[in-house]
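below are the sequence and a predicted model; questions follow.
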Amino acid sequence: MVKFQNNLGSITLSPDVFTTLVGDAATSCFGVKGMAMRSMTDGLVHLLKREAMGKGVYITYGDGPYILIELHIIVDQGVNIPVLCGSIISEVRYKVTSATGIDVKSVDVFVDSISID
């Protein structure tokens, strides 16, 4: 959790705020099929539904007012993966910083699967 303190009181941001913002930013980029999660039982990668997309996002909180983000995604076939990942990184940094004021130190994007639809 991230906590802000000022003379009027304090504000605490839940981890769900960050996972929702990050998941929404990532899935809004062209070429992203959805968020991914590897199953512990069978080891397969599963496409997450919209309401569970936060499970493909991992947030690490720093000592200062910053966070580290790790994303696991599934992409559409035929997209330029390096360009897509660059677009996701920019979009995630912008949305999280503009919505919360928290500095995003790093965004790591892991392409877990390619959808052949």
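Thanks, I have it.

hey, let's count contacts and neighbours off CA atoms from now on
Noted.

identify each buried residue in the longest helix seen in the chain, please.
Determined from DSSP state H, the single longest helix within the chain is helix 81-100. For helix 81-100, a neighbour-count test (16 or more other C-alpha atoms under 10 Å) marks 84-85, 88-89, 91-93, 95-96 as buried.

please enumerate the strands of the chain.
2-6, 9-13, 32-38, 45-47, 57-61, 66-76, 103-115 (DSSP state E).

packing partners for the longest helix of the chain?
In terms of contacts (3 or more C-alpha pairs under 8 Å, 6 or more residues apart in numbering; DSSP states H and E), helix 81-100 is packed against helix 15-27, strand 103-115.

pick the most buried one from those.
Among those, ranked by average contacts under mean count of other C-alpha atoms under 10 Å, first place goes to helix 15-27 (a mean of 20).

now the angle between strand 32-38 and that helix, please.
130 degrees (axes from the mean of the first three to the mean of the last three C-alpha atoms, to 10 degrees).

hang on, the earlier thing: now the strands of the chain as JSON lines including distance to residue 21 and mean pLDDT?
Compiled in JSON lines, the strands of the chain are given as follows (distance: least, C-alpha to C-alpha, whole Å; pLDDT from 0 to 100):
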{"stretch": "strand 2-6", "distance to residue 21": "15", "mean pLDDT": "79"}
{"stretch": "strand 9-13", "distance to residue 21": "12", "mean pLDDT": "87"}
{"stretch": "strand 32-38", "distance to residue 21": "13", "mean pLDDT": "87"}
{"stretch": "strand 45-47", "distance to residue 21": "18", "mean pLDDT": "80"}
{"stretch": "strand 57-61", "distance to residue 21": "10", "mean pLDDT": "91"}
{"stretch": "strand 66-76", "distance to residue 21": "11", "mean pLDDT": "93"}
{"stretch": "strand 103-115", "distance to residue 21": "12", "mean pLDDT": "94"}
